[in-house]
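Asker: Build me a model from this:
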Amino acid sequence: MAKNEFGEEIDERRLDAYAKRVESFTDSQIDALWEACGFIQAKREKKYKAIRQADIDRIRKGEAKDVIRNVLMETRIADFEKNIAKTEGNFRHHALDLNEKTKIAFIAMSKHSFFFRRHAVKYALEQGYAPISQFGIFDYFVTDSVDRDLVRRANNNLIERADELWVFGPVSDGVLAEIKLFKEKPVRYFQIVDSRDVKEITKNDVTFEDDVARFRSEL
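Answerer: Predicted coordinates:
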């Protein structure tokens, strides 16, 4: 992924979103945006007007993405976002363009796998899912600052909204309860390898903590 002179990564999704917005601008709006960004290279070469017009022509030919990539190489992304929003006249944020629907994965794990909670979230995100992590939201029962049943009820509501249940590590009593609550929706199982990696496994390969091993048949 390319980086600009400020060390910021310029990803393709961001460029696509910016291109879509700039393509709807009038010529004067594009001119105002370029002025606001202070297109360094153009001003240094004293060819601002010619470069601005060439950029407008390329945008009209469907090359907005490439044009904006060049601009972002010399402009901070936050400044470009602020200036493009100002040009539009309405509040804008890059997050508003990220509307692709993704499946929600509820992450289930024993308290003994608590150390792995961030790795599980990272893994789900990398697979294109939106993760719900109970340990990420509630820590461990909100450090017992509220009644534990309030946390359990909230947790159960989150389970209802998830598309899939992802179990990381051995099944505990709480994890087994979450699996049974999930009913007919997909449940996937993952082994924690070397305390940092993930390997998907079958239901038959799932391990149980000792106090619930006798309930394997209920998985």
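Asker: how close does Thr207 sit to Gln191?
Answerer: 8 Å (Cβ to Cβ, to the nearest Å). Heads up, the C-betas are built off the backbone N, CA and C, glycines and all.
Asker: what do you get for Glu5?
Answerer: Separation of Glu5 from Gln191 (Cβ to Cβ): 44 Å.
Asker: Which one of the two is surrounded by more residues?
Answerer: Using other Cβ atoms under 10 Å, the more surrounded residue of Glu5 and Gln191 is Gln191, with 16 against 11.
Asker: Nearest residue to Met73 in space, ignoring adjacent ones along the chain?
Answerer: Once flanking residues are discounted, Met73 sits nearest to Asn4: 4.8 Å by Cβ to Cβ, 6 or more residues apart in numbering.
Asker: doesn't Thr75 make contact with that neighbour?
Answerer: Yes: the criterion here is Cβ atoms under 8 Å, and Asn4 meets it with Thr75 at 7.2 Å.
Asker: Quick check: which ranges of the protein have low pLDDT?
Answerer: 39-49, 90-94, 96-97 (pLDDT under 70).
Asker: Show me the helices in it, by range?
Answerer: Assigned by DSSP state H, the helices in the chain fall at 12-23, 27-37, 40-44, 48-60, 64-72, 77-88, 117-126, 134-138, 148-161, 173-182.
Asker: deepest of those, which one?
Answerer: Scoring the helices of the chain by mean neighbour count under mean count of other Cβ atoms under 10 Å gives helix 64-72 as the most buried, with a mean of 20.
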